[in-house]
Each structure stands twice: as structure tokens, then as C-alpha cells.
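A.B. asks: Build me a structure from this.
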Amino acid sequence: MAGGALETRATLNYRNQWPSLSANFITTTFGLDMFLPSVNSGVGFLVTTDSQGAGNIKSTELGLQYSYQIQLNEENFLRMGLQGSLASRKLDYFGLTFGDQFSPDGYLQNPSTGDPVAQGSPSLLYADFSSGMMAYSDWYWAGVSVHHMNRPDQAFSNLEIARLPMKTSFHAGLRIPFAGYTFLGNEIDIEKTISPAIMYKKQGKYDQLDLGVYVTYAPLTFGAWYRGLPIKRYNININNHEALILLIGYRQDKFSIGYSYDATISTLGFSSGGAHEISLSYRFENFPPRKKPVKRRLKELSCPKF
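C.D. replies: Residues are numbered from 1 along each chain as shown. Just a heads-up that it's a prediction; the model follows:
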């Protein structure tokens, strides 16, 4: 989707998952992308930071993106993309406890003498590669992506190998107009559409299904999603429902903002605090400005924007 806005676009995304637990996840992403009409290409830059638990595992990823757009016919388009990233991970043992610090009487409060602690705060650096493609028109989009194609080794110790499994995903949706809205002309500021959507992801032995719908009544977008896979169970005693998600977005001129809340419906329960996510986006005028009207081959992506 790099360059999909057909203008220079800056995005910022913040997510705090399970804030009521000590084992929470905080992820922040900043992206900058633009479209190069002379070569039908998009380029992008992505920075992602992630903190797990009480900050004991931290990772930072710097990614460069490239996409190429092909016009299949008058209405349908195909985009293909690549991403190359440089990632770093660091493990901080401070605050963690180990087996040799306990006795039958409880916690001894003595420093651990184990090998992991002797390593201090190990870190590693690795390359990560991903790719994807997506077909779309005014009324639909459908795509597939593959992440961690090179299966990078994430082990902190030279005594083991821990390769990150490839993650494959499929996403698709429809954009259905209502209340007299059509796809003709520049109607982005008066859009009135309903967009059912689906996303399926699989990594290693785990998979995830998201089903949802967006309603856009410009300048507002509302969304509701279900995340889970009830027809499949990894453990007979644990249900495979994960979350119900509510979303609201607002778009005005070049600026947009979105907020979503994940209500946890798994056995973890509402006490986890769910997940809060906020997204900001701003689109800049192209420089230099176009002197000719935008051609149909530069059609903007049809998926919901907020």
C-alpha cells in the first residue's frame, strides 16, 4: 500500500494491549510514503518500536518499502510490493526472577548465578524481508502478503536457533455505496459507503480470523469487528474467541484520526484492559503540483480511510 494515497502521507499509530496486566504490549509505528507517478511506483519508510512485558523485551524495526502499480483494464488495478527491514531486539534481565533464587521457603532475594544473567542484557540485529500484492477497483480490494520470508534467527544465545516463522495473511473487502453516493468524480468528502471486510493470518501453528464492517458517512467512519476462530480449538478447555472491536474515525481535508478499542472476550477476560489504539494521518500536497489532471491509472485505493 506504499504510495496508495497518491500524495505524500505521514502516519502515526500507537497501540497499548492489555494495559491492566504486567505482561502487556506497547507498539508504536511511524510511516512516511509517497507516490511517483512517472514510474507508477510508491516508496515508503516505516519505523516500528515494540515493548513487551515491563519493557524486558524491546525491539525496533526500520523498513524501506517499494510498490509498483499495474492497470489491468479500465477498472481493475494490481499493486505489488516489497519491504526490507533492519530489526534489533534487546532482552533486559532486570526485574526477572530465576529458579535458583527460590527455595521451599520462598524467594531468597539473592542474585541469580545462572548463565542468562551472566550475559547481561543481550541484543541482536537481523534483516527481515516481506512481500505482498493486492488487486482493487472502485468497489473491492483483495490482497495477500508474506512476512519474514527469510525466517530470521531471533535467539539471544549462540547455543540455540530460534527462527521466526513466516507469516502469511489474506485481506479483502467490498465498498458498497448508499444514499445516492456514486464512484463518479471526486466525492471523497461526501462518501457514503458500507464496507464488509475480512482478514486471515497464519504464523507457524497459529492462525487468526478477523471479520468486520465499516460504515463511512463522510467525514465519519464507524467500524465493528470480531476476532477469533471458534471452529478451531488449540486447547479443549480454552475458547478461541479473542476480541470484539469498535472503531471510530474522522477525516477532514488532509487530516484523519482513528481510535479503536478491543474488548477481550477470551478466557483472559475484561480485567486485561483490552487494547487501545489510535491512528493519525496527514496527506501533503504533491510537490511539484501536477499540471495535468490525474489519469485513471492513478486511481486511489478503495479501502476505508480515516
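A.B. asks: List the contacts of whatever helix or strand I26 lives in.
C.D. replies: Secondary-structure assignment from DSSP states H and E places I26 in strand 25-36. Residues from elsewhere that reach strand 25-36 (Cβ atoms under 8 Å, 6 or more residues apart in numbering): 1-18, 41-52, 65, 298. Just so you know, the C-beta spots here come from the backbone N, C-alpha and C atoms, and that holds for glycine as well.
A.B. asks: try 6 Å this time
C.D. replies: 2-3, 6, 8-17, 42, 44-52 (Cβ atoms under 6 Å, 6 or more residues apart in numbering).
A.B. asks: and the next element down the chain from it?
C.D. replies: Scanning forward in sequence from strand 25-36 by DSSP H and E, the next helix or strand is strand 41-52.
A.B. asks: Average pLDDT for the strand holding I26, rounded please.
C.D. replies: Average pLDDT, strand 25-36: 96.
A.B. asks: quick one: buried residues of it?
C.D. replies: In terms of neighbour count (16 or more other Cβ atoms under 10 Å), strand 25-36 has its buried residues at F25, I26, T27, T29, G31, L32, D33, M34, F35.
A.B. asks: related to what we said a few turns ago, for ChimeraX, write the selection for the buried entries among the contacts of strand 25-36.
C.D. replies: Buried members of the contacts of strand 25-36, defined by 16+ other Cβ under 10 Å, are picked up in ChimeraX with:
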select :2,3,6,8,9,11,13,15,16,17,42,44,46,48,50,51,52
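A.B. asks: L86 and S67: what is the separation?
C.D. replies: Between L86 and S67 the computed distance is 19 Å (Cβ to Cβ, to the nearest Å).
A.B. asks: out of those two, which sits in the busier spot?
C.D. replies: A side-by-side neighbour count of L86 and S67, using other Cβ atoms under 10 Å, places S67 first with 23 against 13.
A.B. asks: Bridged to A224, which residues?
C.D. replies: V213, L246 (DSSP bridges).
A.B. asks: Mind listing the strands the strand holding I26 pairs with, and their directions?
C.D. replies: strand 8-17 (antiparallel), strand 41-52 (antiparallel).
A.B. asks: Any idea which of the ones you listed gets closest to H147?
C.D. replies: Across the strands paired with strand 25-36, H147 has its closest neighbour in strand 41-52 (12.0 Å, Cβ to Cβ).
A.B. asks: Just the pLDDT for Q208.
C.D. replies: Q208 is assigned 92 on the pLDDT scale.
A.B. asks: That one should be in a strand, yeah?
C.D. replies: Yes - Q208 forms part of a strand when assessed by DSSP: H, G, I helix; E, B strand; the rest coil.
A.B. asks: In which helix or strand does M134 reside?
C.D. replies: Using DSSP H and E, M134 falls within strand 123-136.
A.B. asks: just how off-centre is that strand within its chain?
C.D. replies: Relative to its parent chain, strand 123-136 has a centroid offset of 12 Å by Cα atoms, centre = their mean, to the nearest Å.
A.B. asks: Kindly format the C-alpha coordinates of the next helix-or-strand element following it as CSV.
C.D. replies: For strand 123-136, the following helix or strand on the C-terminal side (DSSP H and E) is strand 140-147. What follows is strand 140-147, C-alpha atoms only, in CSV (Å, rounded to 0.1, in the frame of the first residue of the first chain):
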residue,chain,number,x,y,z
TYR,A,140,-13.4,-4.1,-4.0
TRP,A,141,-9.9,-4.9,-2.8
ALA,A,142,-8.2,-8.2,-2.1
GLY,A,143,-4.6,-9.0,-1.3
VAL,A,144,-2.1,-11.4,0.2
SER,A,145,1.2,-10.8,2.0
VAL,A,146,4.1,-12.9,3.3
HIS,A,147,6.3,-11.6,6.2
